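Chemist: Got a predicted structure plus its sequence, pasted below:
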Amino acid sequence: MIMGRLPLSLFYALLPLPFLAVEYLDQPQAPIHRGYLGLSLVICAIIGLITPFVLRSKKSPSRTLPAIVCLLISCAIVFGYRLPPIAQLQFIQVMNAARYLLYLSFFLSLTAGIGAHLLLASYPGRTYGNRIFTLLLVLIFLDLGSTTFQHLYTHKEHPHAKLDSALFSAIREKAAPHRERDEYPPYRIAWLAQDLSTYLSVAQQLYLSATPTPDAFHPSELRSLETLTRPFIEFARLFIAKLESPHDFGKLSHAPVLQSGFMLLNVRHVLLGHHSQQLPHWLHMRYDSPIVVSGKRSPFPQEVFDSAQNDGSLDRAVQTLFLDSAPILRGRQWYKVYWLLQNMGIRLDQASAEQIFTLEQNPEQDLGTQPTVAVLSHRVTGSSVDLRVAISEACFARLSYAYYPYLTLRVDGQAVTPFETYDRFLGLALDPGEHHIELRASLSPLRQLLIDTSIALFLLGVSLSLREIRGRRLR
């Protein structure tokens with residue numbers, strides 16, 4: 001819950017737990033938002049911390065200590081996120097500090113319930129118990145009631161962040177026939193949102209348009225987010241912000257590169273805002289395709305960029321192209337993506353390219369062909385993709401779907417092993433003719449292990465609970 005501009009600096013200094021200062025983004029220099037967890041919960045949780053030392057029951061420590069230990073660990077992670085040794089633990093740094101608020105809130109509430117149990121146990125009489133219980137409910141409601149019913153997604157300084165659903169009506173109507181068949185549209189939309197949380201912009205796009213987006217909620221979900229999608233959207237926003245009207249898109253000197261990027265992401269509709277009034281506009285791409293073909297695949301010249309970075313020429317090129325609009329490290333990634341789009345030599349009207357860059361540093365393969373592709377059908381569901389294409393000549397194909405090692409890929413019913421493009425998308429070799437390409441999602445061994453472990457722990461918990469209930473009945 002964002003507190004806004006409240007004169008609570010004294011409380012922030014004296015009571016750090018109920019008034020949290022959390023970095024919602026991974027970058028240390030990102031804006032810090034104040035959050036309120038509840039003074040009443042914190043007081044009850046403090047009472048709950050002493051429960052194992054106060055209650056006389058022998059089973060009390062075994063029942064309450066796990067929750068207390070988990071609360072202390074959650075506090076250590078949230079408040080010591082940037083401090084050693086937690087800062088050196090990579091499996092914790094995978095998620096930003098805000099993600100761990102879920103665990104902190106849960107175990108804080110659980111420990112607060114233990115504290116309430118201690119208060120009720122201290123006054124065993126029914127009359128006193130009812131009064132204490134009612135008092136606790138009233139205090140918690142007065143403390144957290146106002147924050148519970150405030151709108152979490154309204155930002156006073158950025159009123160354009162809340163979009164009118166009517167803006168998406170035409171896009172939603174186009175998606176309706178696909179959704180009726182329990183499918184997704186075979187194209188995507190992109191929102192060049194500025195100064196807006198990724199979690200909010202992605203959620204609004206998916207909800208209001210019923211159309212997929214190339215973006216995702218967290219960088220760890222897809223590697224392609226940081227190798228293409230996010231850097232491209234960021235500098236596309238920078239260039240398109242100069243437009244006075246969406247009709248002037250073709251006049252931009254960077255328009256060919258931007259069109260190439262949107263094609264590689266299979267984006268058909270782009271939502272942007274007027275740079276001075278922040279009025280939303282739709283920019284409709286003429287070319288979108290789930291596949292791009294080429295007669296040549298080449299290793300990405302990483303050593304060239306490493307050499308340019310060492311002699312400073314890369315940073316000078318970044319400054320010339322983007323005019324100090326991004327930090328050095330981010331600007332370098334922008335430049336890599338810009339260079340990639342420029343040197344692939346994409347022919348928009350044919351959905352073909354001069355070359356496809358690969359992540360592996362294998363020797364260049366040139367088939368000596370000039371292939372073209374025609375998409376015959378494209379069906380997308382939540383866990384599968386069916387794509388029928390016609391290829392003119394032997395080629396290497398790059399799909400607009402991110403590479404995932406546990407993704408099952410079949411061509412004409414035969415399982416094939418794809419290669420990984422430099423921007424972390426799927427690549428495969430195709431012969432001339434019509435082909436049926438199938439993508440099927442499957443669980444990784446780690447995820448399957450987690451599911452099996454969760455089921456086993458659930459069954460174990462149920463059996464232990466039933467055993468305890470039977471033991472009480474026998475007594």
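Modeler: Structure's in. What do you need?
Chemist: Leaving out chain neighbours, which residue sits closest to residue 212?
Modeler: residue 188 (4.8 Å; C-beta to C-beta, 6 or more residues apart in numbering). Every residue, glycine included, has its C-beta placed from N, CA and C.
Chemist: bridging residues for that neighbour?
Modeler: Following DSSP bridges, residue 188 is listed with bridge partners residue 267.
Chemist: where does it land on pLDDT?
Modeler: Looking at residue 188, its pLDDT is 95.
Chemist: With residue 58 instead?
Modeler: Here the pLDDT value assigned to residue 58 is 53.
Chemist: isn't residue 198 right next to residue 221, touching?
Modeler: No: using C-beta atoms under 8 Å as the test, residue 198 is too far from residue 221 to be in contact (11.0 Å).
Chemist: quick one: which of the two has more around it?
Modeler: Per other C-beta atoms under 10 Å, whichever of residue 198 and residue 221 has more neighbours is residue 198, with 18 against 11.
Chemist: show me what contacts that one?
Modeler: 215, 217 (C-beta atoms under 8 Å, 6 or more residues apart in numbering).
Chemist: what residues does the host helix or strand of residue 429 touch?
Modeler: Residue 429 is part of strand 425-430, with elements assigned from DSSP states H and E. If you take C-beta under 8 Å, 6+ apart as the criterion, strand 425-430 is touched by 224, 228, 264, 293, 297, 356, 358, 389, 391, 394-403, 407, 409, 411, 416, 418-421, 437, 439.
Chemist: Using ChimeraX, define a selection of the buried residues within those residues.
Modeler: The buried subset of the contacts of strand 425-430, as determined by 16 or more other C-beta atoms under 10 Å, is captured in ChimeraX by this line:
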select :224,228,264,293,297,356,358,389,391,394,395,396,397,398,399,400,401,402,403,409,411,418,419,420,421,437,439
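Chemist: Mark which of the contacts of strand 425-430 are part of strands, please.
Modeler: In strands, defined here by DSSP state E, the members of the contacts of strand 425-430 are 293, 297, 356, 358, 389, 391, 395-402, 407, 409, 411, 419-420, 437, 439.
Chemist: now residue 294: how far from residue 288?
Modeler: For residue 294, the distance to residue 288 equals 18 Å [C-beta to C-beta, to the nearest Å].
Chemist: Which one of those two is surrounded by more residues?
Modeler: Neighbour tally, residue 294 and residue 288, criterion other C-beta under 10 Å: the higher count belongs to residue 294, 26 against 22.
Chemist: So that one sits against residue 395, correct?
Modeler: Yes: the criterion here is C-beta under 8 Å, and residue 294 meets it with residue 395 at 6.2 Å.
Chemist: since we're on residue 285, how many residues are nearby?
Modeler: Look at residue 285: counted by other C-beta under 10 Å, it has 20 neighbours.
Chemist: Next up, the contacts around it.
Modeler: By C-beta under 8 Å, 6+ apart, the neighbours of residue 285 are 259, 262-263, 267-270.
Chemist: Quick one: distance of stretch 168-177 to the chain centre.
Modeler: Averaged C-alpha coordinates place stretch 168-177 at 24 Å from its chain's average position (C-alpha atoms, centre = their mean, to the nearest Å).
Chemist: Quick check: buried residues in it?
Modeler: So, applying 16+ other C-beta under 10 Å, buried residues of stretch 168-177: 168, 171-172, 174-175.
Chemist: How about stretch 135-142?
Modeler: 136, 139-140.
Chemist: and which of these is nearest residue 80?
Modeler: Nearest to residue 80 among the buried residues of stretch 135-142: residue 140, at 27.7 Å, using C-beta to C-beta.
Chemist: host element of that closest one?
Modeler: With elements taken from DSSP H and E, the one containing residue 140 is helix 126-148.
Chemist: give me the beta-bridge partners of the closest residue in space to residue 385 that isn't next to it in sequence?
Modeler: Nearest non-adjacent residue to residue 385, counting by C-beta to C-beta, 6+ apart: residue 439, 4.0 Å away. Residue 439 forms beta bridges with residue 385, residue 409, as assigned by DSSP bridges.
Chemist: Next one: residue 439 from residue 382, what distance?
Modeler: Noted for residue 439: a distance of 12 Å to residue 382, by C-beta to C-beta.
Chemist: For residue 371, which three-state class applies?
Modeler: Put simply, residue 371 is coil when judged by DSSP: H, G, I helix; E, B strand; the rest coil.
Chemist: Number of residues surrounding it?
Modeler: Neighbours of residue 371 using other C-beta under 10 Å come to 21.
Chemist: Excluding residues flanking it in the chain, which one is nearest it?
Modeler: residue 395 (3.7 Å).
Chemist: Below-threshold pLDDT in the protein: ranges please.
Modeler: 1-36, 52, 54-62, 124-127, 146-164, 194-196, 273-279, 475 (pLDDT under 70).
Chemist: how about a cut-off of 50?
Modeler: Scanning the chain for pLDDT under 50 picks out the ranges 1-17, 21-33, 151, 153-155, 159-161, 274-277.
Chemist: domain assignment for it?
Modeler: For the chain, automatic domain parsing gives the domain ranges 9-148, 166-344, 356-441, 448-475.
Chemist: For the host helix or strand of residue 340, output the C-alpha coordinates as PDB.
Modeler: Secondary-structure assignment from DSSP H and E places residue 340 in helix 328-343. What follows is helix 328-343, C-alpha atoms only, in PDB (Å, rounded to 0.1, in the frame of the first residue of the first chain):
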ATOM      1  CA  ILE A 328      25.900   3.300 -19.400                       C
ATOM      2  CA  LEU A 329      25.100  -0.400 -18.700                       C
ATOM      3  CA  ARG A 330      21.500  -0.100 -20.000                       C
ATOM      4  CA  GLY A 331      22.600   1.900 -23.000                       C
ATOM      5  CA  ARG A 332      25.100  -0.800 -24.000                       C
ATOM      6  CA  GLN A 333      22.200  -3.300 -24.000                       C
ATOM      7  CA  TRP A 334      20.100  -0.900 -26.000                       C
ATOM      8  CA  TYR A 335      22.900  -0.500 -28.600                       C
ATOM      9  CA  LYS A 336      23.300  -4.300 -28.900                       C
ATOM     10  CA  VAL A 337      19.600  -4.800 -29.700                       C
ATOM     11  CA  TYR A 338      19.600  -1.800 -32.100                       C
ATOM     12  CA  TRP A 339      22.700  -3.200 -33.900                       C
ATOM     13  CA  LEU A 340      21.100  -6.700 -34.000                       C
ATOM     14  CA  LEU A 341      17.900  -5.300 -35.700                       C
ATOM     15  CA  GLN A 342      19.900  -3.200 -38.100                       C
ATOM     16  CA  ASN A 343      22.300  -6.000 -39.200                       C
END
